[in-house]
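Novice: Everything below, folded, please.
(one chain, ligands or ions: 1)
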Amino acid sequence: MKRIFEKYDLNGKTALITGAAGLLGVEHAAALLESGAMVVITDIGEAGLASASASLSRNADAARILTRIKDVSRLDAIRAVADELAATGRRVDILVNNAAIDPKVKGDHGVGETSRLENFPLEQWDLQVAVGLTGAFLCSQVFGTTMAGDGKGGVILNIASDLSVFSPDQRLYRKEGLADEMQPVKPVTYSVIKAGLVGLTRYLATYWADCGVRANALSPAGVFNGQGEEFVQRLTSLIPLGRMASRDEYRAVVQFLCSDASAYLNGQNIVMDGGRSAW
Ligand SMILES: NC(=O)c1ccc[n+]([C@@H]2O[C@H](COP(=O)([O-])OP(=O)(O)OC[C@H]3O[C@@H](n4cnc5c(N)ncnc54)[C@H](O)[C@@H]3O)[C@@H](O)[C@H]2O)c1
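Specialist: Numbering: from 1, shown residues only. Here you go, the predicted model:
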């Protein structure tokens, strides 16, 4: 590795990524593999993890990829993975809290659009908060405690969203011909969870700072993944760079945030949104 990139070198480090079978989780894993880390990719389903692992091993030694099924909303499941890794001498140096339930805004056209605040089901609130916010807290509690406790420190990266810093523009999701009270919206949970993750980040950043544990948040904006033309046009008109992000565009910042290249960055929320929040 050239001298200027030495601080990015993650050889000898292990990174655990939650929700790693999804669109961005697999990209975070690819980024950290590229920097030399061993990765533990975790998610709720075996099939998703198998396909993520297969795609990652096209460009990296399969021996550096471990897969573990882990529901981030269950403390016992997190502890089981942590204990099993510890028993085999594997220390988690980097934790990427990426898992979330990101309900796509479609609209059910039925009686009482359930994405709307007035009708939003409590069970959905509980489920989404349990995964996106409580899950990040529980994983940080389990893996962060070890990072802080053994004197070697570590890095926690929380994946938030541009919706951690501004409110969803509900006009993006409007459907022609539907009455206002039937219009689908980005649900309240997403804003609450992502803003909460930034609060968690600041808390962790100061709590374990003297033990060498840094915590930062990355707030990506909409990634293009085949969304409809009308939606893309509406969204990109709000973005100074005039386009959505591509799925691999967050890799370099993940490499930066998880390595010594960002050794003096702590408690920050890096908003990578093509300039949308600057407008
Ligand atoms: N894709 C985007 O445009 C975008 C934009 C901004 C922020 N984000 C954030 O980036 C992160 C990844 O987004 P994505 O687009 O890859 O989402 P995704 O839905 O493709 O992936 C999320 C993953 O989390 C997993 N998951 C769900 N419940 C879980 C649980 N209980 N325990 C463990 N894993 C669970 C899912 O199985 C899935 O693989 C999320 O935090 C999301 O909010 C995404």
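Novice: Can you say which helix or strand has residue 32 in it?
Specialist: If you go by DSSP states H and E, residue 32 is part of helix 25-34.
Novice: which ones are touching residue 240?
Specialist: Taking C-beta atoms under 8 Å, 6 or more residues apart in numbering, we find residue 240 in contact with 274-276, 278-279. Backbone N, C-alpha and C define where each C-beta goes, glycine included.
Novice: could you say what helices and strands the helix holding residue 32 packs with?
Specialist: strand 14-17, strand 38-43, helix 46-56, strand 94-97, helix 251-257 (3 or more C-beta pairs under 8 Å, 6 or more residues apart in numbering; DSSP states H and E).
Novice: mean confidence score for the fourth one?
Specialist: Computed over strand 94-97, the mean pLDDT rounds to 99.
Novice: what's in contact with that strand?
Specialist: Residues contacting strand 94-97 (C-beta under 8 Å, 6+ apart): 10, 13-18, 25, 28, 32, 37, 72, 135-136, 139-140, 143-144, 147, 154-159, 197, 254, 258.
Novice: switch the cut-off to 6 Å
Specialist: 15-18, 28, 136, 139, 143, 155-158, 258 (C-beta atoms under 6 Å, 6 or more residues apart in numbering).
Novice: Can you add neighbour count, pLDDT and distance to residue 217 and give these back as a markdown table?
Specialist: Listed next are these as a markdown table, based on neighbours: other C-beta atoms under 10 Å; pLDDT from 0 to 100; distance: C-beta to C-beta, whole Å:
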| residue | neighbour count | pLDDT | distance to residue 217 |
| --- | --- | --- | --- |
| 15 | 27 | 98 | 16 |
| 16 | 28 | 98 | 17 |
| 17 | 31 | 98 | 15 |
| 18 | 27 | 98 | 14 |
| 28 | 28 | 98 | 13 |
| 136 | 29 | 99 | 10 |
| 139 | 27 | 98 | 14 |
| 143 | 24 | 98 | 16 |
| 155 | 26 | 99 | 12 |
| 156 | 26 | 99 | 9 |
| 157 | 26 | 99 | 7 |
| 158 | 29 | 99 | 4 |
| 258 | 30 | 98 | 13 |
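Novice: Could you list which of those residues also contact the ligand?
Specialist: By C-beta under 6 Å from any ligand atom, the members of the contacts of strand 94-97 lying near the ligand are residue 18.
Novice: between the contacts of strand 94-97, which is closest to the ligand?
Specialist: Top of the list for closeness to the ligand, among these and by C-beta to the nearest ligand atom, is residue 18 at 5.5 Å.
Novice: and the chain, which of its residues are near the ligand?
Specialist: Residues of the chain lying near the ligand (C-beta under 6 Å from any ligand atom): 18-19, 21-25, 43-44, 48, 71-73, 98-102, 131, 159, 161, 220-223.
Novice: Buried ones among those residues?
Specialist: Taking 16 or more other C-beta atoms under 10 Å as the criterion, what is buried in these is 18-19, 21-22, 24-25, 43-44, 48, 71-73, 98-102, 131, 159, 161, 220-223.
Novice: which residues of the chain fall in strands?
Specialist: Here the chain has its strands, by DSSP state E, at 14-17, 38-43, 65-69, 94-97, 154-159, 213-220, 269-272.
Novice: so what's the residue in the stretch 1-150 of the chain positioned nearest to the ligand scoring on pLDDT?
Specialist: When scored by C-beta to the nearest ligand atom, the stretch 1-150 of the chain has residue 22 as its residue closest to the ligand, at 2.0 Å. pLDDT, residue 22: 98.
Novice: longest helix anywhere in this protein?
Specialist: Counting residues, the longest helix found in the chain (DSSP state H) is helix 188-207.
Novice: how about low-confidence regions in the protein?
Specialist: 1-2, 107-112 (pLDDT under 70).
Novice: ok, so of the contacts of residue 240, who is nearest residue 190?
Specialist: Distances from residue 190 to those, taken as C-beta to C-beta, are shortest for residue 276 (15.7 Å).
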